[in-house]
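Q: Based on what follows, work out the 3D shape:
(2 chains)
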Amino acid sequence: MVGFETKKATVQSKKPTSEAIIKLEAVSTVYEGARRTAIKNVNLVVNRNELVYVVGPNAAGKTTLLETINGMLPTFKGKVRVFGLNVKTHGRQVRCGIGYVPQDFMVKPGEPYTAIDVVLMGRYGQVGFLHHPDEKDKAKALEAMRLIGVEELADKSMGKLSGGQQQKVMLARALAKNPKILLLDEPFSNLDPDSRGQIPTLITKLHREKDLTTIIVTHDIHHMLDQCNRVIVVSGGRITFDGTPEKALPLVENHPHTTSLEATHR
Amino acid sequence: MGLIGVFVVRMRLSAIGYSMSHGAFAGAALGVATATNPLLTGLLFASGTAFLIGPIADKARLHADTITSILFPLNMALAFVFLTLVPEVGLSSQVANVLWGSIISMTNADLVYLVTLFAATLALVYFIWKELFAIMFNRKLAEADGINTKPFIYLIIFLAGVVVTLSLKLVGGLLIYALLFNPASTVLQFSENMRKVVVASPLVGMATTVFGLFVSLFFDLPVGSCIVIVSTIVFAVALLLSPKRRRKEENEK
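A: Numbers count the residues shown, from 1 in each chain, chains lettered A, B, ... in the order given. Below is the predicted model:
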C-alpha cells in the first residue's frame, strides 16, 4: 500500500484510546434559515480510533453536527476542538486532516471533470497555496482509488459514472488526503447491492488499519452495527442516546426504524 | 475575456458579470460627463460594484444574483443620467463610444493595457489554477478540503470587473457581457476537460471578434454589434451541435 502509513502488524481491531480527538462543549448552532436544522446544547467527546454511528430521523441535525465538527458552519455558540485546535480559528488546518463525504453528492453528465481530477482535489488543501500537485500527490490519489476499487475509472468523466461509482470516487477523494478523521454523511445511500456489502467492510478495514476516527451518519442502522463501538442517536437537534451498540441493538431489533428508536428515548 | 468568462460561468457568477459590466458602463459615462478619463471612472465603478456584491451577498444571506439584480438597473440608470449630463455636443461621439464601443478609437495605450491584463490574468490563473478548479467543481467541497474559497471568488469577481472595463471600448457598455459569456458557454457545450475549456474559450473569443470585425467592415455595420451577433450565432450553432444536449435528449426519451 504505497503512500499510506499502513501498519500491517495492527490489523486486529484496536480499542479506542482515551485521547479525545473531537470535543464539543455546549454547542448550539445559530439558526441559519430553514435549510439547516439547528443543534442545541450538544456535548460530545470522540476519542481517537473510535468508530461512531450517528443515527436519527430526517432533519434531526445529523449533517449539521458533522459540519460543525469540520468547521464548515462557523457560526455557533460553545466550543469545538478537533485535534486540540479551535475550529473557529483553525478551520482550514482542521479540514486538511478530515476526510468528508457529503450526502447525495452527484455530478451531472457533461461536467468537465474526470474521476482522478476529483480525487486529486482531496489533496489540494495540503499541497499549499501557489503550489501545484506533483507526481507524489497523483500517486496518492491513485492509491486511494485502488483502495476503494475504482482505479479503472480514473480517466472517466465523473458525470458519466453511476451514483454508486460516484460515491466511491468521493470516498477515495476523502481518503486521498490521508485523513485522521473520516466524516461520512449517508455513505451507503446510492450504492448498488454489491457495493452495499463491500463498502461497509472496506470502511471498517480502513478504520482499523489506518487509525481512522470514523463518524458515519445514516438513517439506516443495520449496515455495520456489529463492527462499530458506539452509536449516537440525534433527534430534534439533541443527542438522545449515546452508548454501545450492544445497548442500542435490542432497541433496534424491537424497533427496526431509527425513528422509533428515537421515540423510545423521549 | 474568454478566459475569465470560463470562471465566471462555472462559478455561476453570470449575474455579477452583467452587473459589473454595467457598473463599468455607468462609470465610463460619468467619466465622459465630467471630462475625466472614462477608463479610470469605469474601473472604479466596476470594482466598486464587484466589491459590493460579494460581501453584501454573504452578509445578507441572499444569493449574489439577487443583489446583482438590484445593482444592475441602478448602474444602468446612473449611466443614462450621467450621459444626459454631458455638456457639449462635440462630445456626443464619445458618448456613442461608451454606449456602442468603437474599435477605431482604441489607442495604443488601450492595447498595451489589454495585453498586459491578458498576461497578468494568464499568470494568475496558472498560479491559482488548483484553487479555481476545486471551487468550480464545488465550493463547499473545496472548503471541506481546506481551501479558503472566499478570497478566490472575490478575486475572480474583481478581475472580471477590470477585464470588462478595459474591453469596454471594443463593444460598448450595452453589449460587453456577451463577450464575457458567449465564448465560455460555447466551449462548455463540447469539452469534458476543464483544461481544454480554459485554452479554447479565449481562442473562440478572439476568432469571433476578428470575424465580427470583418463582417462589420464588409457590411458597414457597427463593430460591437457585429461581434456580439457573430459570437451569439456561434453559441447557437454550438448548442445545436452539442453532444451534451443530444445525450440529454436521449436520456429524456
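
Q: what sits up against the host helix or strand of residue A:90?
A: For residue A:90, the element it lies in under DSSP states H and E is helix A:87-96. With C-beta atoms under 8 Å, 6 or more residues apart in numbering or on different chains as the test, helix A:87-96 has contacts from A:68-72, A:74, A:80-83, A:85, A:125-126, A:177, B:143-148. Where you see a C-beta, it was placed from the backbone N, CA and C, and this is true even at glycine.

Q: These in strands, which ones?
A: Judged by DSSP state E, the contacts of helix A:87-96 include A:80, A:81, A:82, A:85 as members of strands.

Q: May I ask which of those has the most neighbours?
A: Taking other C-beta atoms under 10 Å in any protein chain shown as the neighbour criterion, residue A:82 ranks highest of the ones in strands among the contacts of helix A:87-96 with 26 neighbours.

Q: What confidence value was assigned to the closest residue to that one other than its chain neighbours?
A: Excluding the flanking residues, the one nearest residue A:82 by C-beta to C-beta, 6 or more residues apart in numbering or on different chains is residue A:94, at 4.7 Å. Here the pLDDT value assigned to residue A:94 is 88.

Q: what do you get for residue B:233?
A: 91.

Q: The residue of the stretch 51-200 of chain A found nearest chain B: how many residues sit nearby?
A: Of all residues in the stretch 51-200 of chain A, the one sitting closest to chain B is residue A:125 (2.3 Å; C-beta to the nearest C-beta). If you count neighbours by other C-beta under 10 Å, residue A:125 ends up with 25.

Q: can you pull the contacts of it?
A: A:92, A:95, A:96, A:177, B:145, B:146, B:147.

Q: how about 7 Å then?
A: Residues in contact with residue A:125 (C-beta atoms under 7 Å, 6 or more residues apart in numbering or on different chains) are A:95, A:96, A:177, B:145, B:146, B:147.

Q: Residue B:106 too?
A: residue B:169.

Q: that older thread, in the ones in strands among the contacts of helix A:87-96, which has the lowest confidence score?
A: residue A:85 (86).

Q: contacting residues for it?
A: A:93, A:94.

Q: Check the spacing between it and residue A:79 real quick.
A: Per C-beta to C-beta, to the nearest Å, residue A:85 is found 11 Å from residue A:79.

Q: again, but for residue B:208
A: Counting by C-beta to C-beta, the separation of residue B:208 from residue A:79 is 56 Å.

Q: circling back: farthest-apart pair in the contacts of residue A:125, please.
A: Maximum pairwise distance among those (C-beta to C-beta): 11.7 Å, between A:177 and B:147.

Q: residue ranges of the helices in the chain, please?
A: Since you didn't name a chain, this refers to chain A. Under the criterion DSSP state H, chain A contains helices at A:62-69, A:87-96, A:115-121, A:124-127, A:135-148, A:163-176, A:193-209, A:245-254, A:258-264.

Q: not what I meant, chain B
A: Remark: helices assigned in chain B by DSSP H are B:2-10, B:14-33, B:38-60, B:64-84, B:92-100, B:108-127, B:129-137, B:139-144, B:149-166, B:168-171, B:176-188, B:194-219, B:223-241, B:243-252.

Q: hey, which of the ones you listed is tucked in deepest?
A: helix B:14-33 (a mean of 28; mean count of other C-beta atoms under 10 Å in any protein chain shown).

Q: Which single residue of the stretch 1-150 of chain B ends up nearest chain A?
A: Nearest to chain A in the stretch 1-150 of chain B, going by C-beta to the nearest C-beta, is residue B:146, at a distance of 2.3 Å.

Q: Skip the chain neighbours and tell me the closest residue to residue A:30.
A: Nearest non-adjacent residue to residue A:30 (C-beta to C-beta, 6+ apart): residue A:75, at 4.6 Å.

Q: sorry, back to before: show me the one of the helices of chain B that comes nearest residue A:247.
A: Proximity to residue A:247 (C-beta to C-beta) singles out helix B:139-144 among those, at 32.3 Å.

Q: for the residue nearest to residue A:30, phi and psi?
A: Main-chain torsions, residue A:75, degrees, to the nearest 10: phi -100, psi 100.
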